[in-house]
Structure formats: C-alpha cells, structure tokens
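Colleague: Provided below are the primary sequence and the corresponding predicted coordinates.
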Amino acid sequence: SRYEISMDTYCKTLHIEALTMADMVKKSIYPSVLAYMTTVADSIRLKEAISDQVPHESESELLGSLAALSDSLMKKCKALEAALASAEKSEDIKVEAIYYRFSRRCRRCARWPTNSRPSPPRTTGRSRPTPTSSTASTEQNTTNTADPQRVGCFFAASILEWIDDHYGRKGESAMKLLLICDRADISEKLTSVLAAWAETQPEKTARVYTASSSVEGRTLAQEHDCDVILLYSPLEGALGDEPAVQLSRLTGASVIVITPEKVAEQMREKLAGKGVLLATTPLRKHEFFSTLTAGVVLSKRTRGLQEENERLRAKLSEQKTVEHAKLLLVECLKLSEEQAHKYIEREAMELRESRVEVARRIISTYQS
C-alpha cells in the first residue's frame with residue numbers, strides 16, 4: 001500500500017543519509033582533524049625547541065580541545081553505526097520507521113514514568129466526536145504494537161497507536177460513512193445495517209459518523225472527509241433535498257437520500273441532474289447494498305478526478321511562475337529567452353532547488 005511504501009522510503013532515506021554521514025566522519029572529517037592536530041602539535045614542539053620562554057598555552061589548549069572533540073566524534077559515530085545495525089534487524093516497517101524517528105529519548109519522555117502512556121497527538125485543537133464503527137473496525141489492533149523500549153522512546157508507542165488508528169493498515173482502507181437522521185431509533189437501525197454492509201466489502205470495515213441535523217452533518221462531512229453521506233428524509237420537517245444538494249456540492253462524497261416510497265417520485269424530480277442517489281423505504285437489502293457500493297465507487301472516482309485536477313492546476317501555476325521569471329530576466333538583464341531558460345535550469349541544478357523555487361526568487365528580486 002501507499003502507506004507502507006512511504007514508510008519504506010522514509011526508512012531507506014534516513015538509513016542512506018546516516019551511512020553517508022558516518023562515512024564522511026571516518027574518511028574526511030576525522031582524518032582532517034588528525035592532520036590539523038599534527039600541525040598544532042608540531043608548532044608546540046617547535047616553540048619548545050626554540051626556548052622554554054616562548055609561550056604556547058593557546059596551542060596546547062586548542063590541541064586538548066581538538067583531542068576531546070575528535071574522541072567524542074568517533075564514539076558517536078560508532079554509536080550511530082550500532083543504531084543502524086539494530087534498525088536493520090526489525091521485520092516490521094512501522095517499528096523500523098518509529099525507531100528512526102525516536103531513536104533518542106526526547107526531553108518530554110524523560111519526565112514520564114515508565115508505566116505511563118501519553119495521549120495520542122491531535123491534528124487540531126477542536127474536540128472530535130467519537131465515531132460509531134462497525135464490528136470489524138472496533139476490534140483493537142494489537143498485533144503490530146511495538147514495545148516502547150524497543151523503539152527507544154515511550155512517546156513512540158502512542159505515536160504508533162495513533163498511526164494505526166488514523167493512517168495504518170486498517171485506517172488506510174476504512175471507508176467513512178456519515179448518516180444524517182433526526183430520529184434516534186431509525187439512526188440506530190440504519191447504523192447496524194451499514195455495519196452489516198461493511199462486512200460484505202473487501203475492506204471489512206467502515207467508520208460510521210452520525211448527525212441529527214443538516215448543520216451538524218455539514219460540519220462532520222467536511223471535518224472527516226467522508227466517502228458516502230446518507231441523509232434520511234424527512235429531515236427537520238422538510239424533504240431534505242436542499243441539504244443533500246448542498247452536501248453534494250461542498251464535498252467530494254457521494255450523497256444518498258433515503259426517503260419513503262410514497263414521496264420517492266417527488267424527491268426524484270427535485271434531485272434530477274443533481275448527482276444525488278436515491279434509496280426508498282422500506283429498504284430492500286440487496287438494492288440498498290448495491291446503491292451503497294455504487295456510492296463508494298462514485299466517490300473514489302470523483303476524488304481521483306479532483307486530485308488530478310489539483311495536480312494539473314499546480315503544474316500550470318508553476319509553469320506560469322517560471323515563464324514570468326524568464327520574462328523578467330529578458331527585460332531586466334537583456335537575456336534571450338533561451339539564455340533565461342538555461343540560467344534558471346543551471347541555478348536549479350547548482351542550488352539543488354526546483355525551477356519554481358528559483359523562479360520565485362528571481363521574481364522577488366527583479367519585480368518592483
């Protein structure tokens with residue numbers, strides 16, 4: 001999955017950088033320090049040979065400082081190599097990633113007792129409602145929990161659990177459903193139906209959020225980025241077609257309106273061409289499950305198109321920035337278009353930056 005690929009890339013990047021650092025220390029930095037220490041020591045011996053009256057306290061102090069620092073450098077280099085060897089022994093990619101991230105115990109952890117566990121980090125300061133999950137998603141995922149001592153930091157244990165809950169193997173594929181219904185009894189029944197539907201899906205899990213009003217539903221839909229929104233009609237004394245259309249426009253989720261069969265035709269006319277699916281009560285299990293599945297597929301395709309659209313917009317914006325920078329170089333430095341292009345390419349290569357970063361710096365320099 002993308003989650004595991006990202007973890008693996010993160011681990012390999014840090015591993016290569018650490019090996020490069022150790023290699024630089026042993027082959028470049030430490031030999032250079034030794035050579036400089038030899039020069040300082042020769043200077044001290046030369047002064048002593050000339051006369052005992054020639055002072056060399058500063059050289060002696062510098063030599064002692066260099067010796068202590070170089071010795072500390074090599075000890076830490078060996079510790080780094082030992083840590084890298086220990087990280088390679090891990091078979092779980094998440095444990096290895098946490099090891100790299102928290103291989104040194106942070107100051108916060110040093111104040112915690114060994115039997116305490118910190119609260120998982122939150123992405124925002126607002127309190128989030130607790131979702132009602134299907135049976136499969138409420139099971140505790142304990143197979144991949146790492147020993148805090150193994151990863152080197154007690155804070156890492158809570159980070160690992162939080163990753164599992166939000167971005168882990170289960171959270172990664174868990175579908176997010178939002179049910180908007182102002183009747184508690186019907187909401188409870190529909191939640192159990194959704195849990196049963198989730199068991200028929202390949203992911204075997206779904207997070208079901210519930211709201212009792214259209215305003216609360218709109219907030220939850222934007223906060224949790226739901227895949228499918230189900231709106232039970234009537235809602236707040238009205239058919240509920242307007243909230244359904246608004247949710248369809250504001251979010252990338254598929255919206256399904258569940259309405260009584262006697263008003264289904266009226267609702268169908270109001271929702272025609274709005275991109276909202278319709279299900280009628282009493283619910284027929286096979287038909288309702290098919291509508292839900294179609295909603296999930298539609299939501300995924302819509303999100304894919306939105307992501308592609310955003311990617312193309314960003315690429316177009318970057319291209320406009322680069323072209324603007326070229327125009328400024330032509331006007332201000334009297335370069336040709338080809339020379340301006342080569343200048344930006346050369347700067348990007350030499351500074352190891354992207355073309356758009358170089359272009360933005362050129363614009364900030366010459367545009368006034």
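Modeller: Perfect, thanks for sending it.

Colleague: each with direction, which strands does whichever strand or helix holds residue 279 pair with?
Modeller: Per DSSP states H and E: residue 279 is located in strand 277-281. With DSSP bridges as the test, strand 277-281 is paired with strand 254-260 (parallel).

Colleague: and the next helix or strand past the partner strand?
Modeller: Per DSSP H and E, the first helix or strand lying C-terminal to strand 254-260 is helix 264-270.

Colleague: alpha carbons only: can I get the strand holding residue 279 in PDB?
Modeller: The C-alpha trace of strand 277-281 is given here as PDB (Å, rounded to 0.1, in the frame of the first residue of the first chain):
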ATOM      1  CA  LEU A 277     -28.500   8.900  -5.400                       C
ATOM      2  CA  LEU A 278     -31.900   7.800  -4.100                       C
ATOM      3  CA  ALA A 279     -33.000   4.800  -1.900                       C
ATOM      4  CA  THR A 280     -36.500   4.200  -0.800                       C
ATOM      5  CA  THR A 281     -38.000   2.700   2.400                       C
END
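
Colleague: show me where this structure has strands.
Modeller: Ranges of strands in the chain, per DSSP state E, are 132-133, 175-180, 206-211, 228-232, 254-260, 277-281.

Colleague: who wins for proximity to residue 346 among those?
Modeller: strand 175-180 (47.2 Å; CB to CB). Every C-beta, even on glycine, is put in place using the N, C-alpha and C of the backbone.

Colleague: who's in contact with that closest one?
Modeller: With CB atoms under 8 Å, 6 or more residues apart in numbering as the test, strand 175-180 has contacts from 187, 190-191, 194, 198, 201, 203, 205-214, 216-217, 220-221, 224-232, 235, 243, 253, 296.

Colleague: same check on stretch 311-322?
Modeller: Contacts for stretch 311-322 (CB under 8 Å, 6+ apart): 344, 355, 356, 359, 360, 363.

Colleague: correct me, but residue 193 touches residue 288?
Modeller: Yes. Judged on CB atoms under 8 Å, residue 193 makes contact with residue 288 at a distance of 7.3 Å.

Colleague: between the two, which one's more packed in?
Modeller: A side-by-side neighbour count of residue 193 and residue 288, using other CB atoms under 10 Å, places residue 288 first with 21 against 18.

Colleague: next one: that one from residue 298, what distance?
Modeller: 15 Å (CB to CB, to the nearest Å).

Colleague: ok, and for stretch 339-357, which residues are buried?
Modeller: If you call a residue buried by 16 or more other CB atoms under 10 Å, then stretch 339-357 has these buried ones: 340, 341, 343, 344, 347, 348, 355, 356.

Colleague: ok, for the third one, nearest residue in space, not its chain neighbours?
Modeller: Closest residue to residue 343 apart from its sequence neighbours, by CB to CB, 6 or more residues apart in numbering: residue 329 at 6.3 Å.
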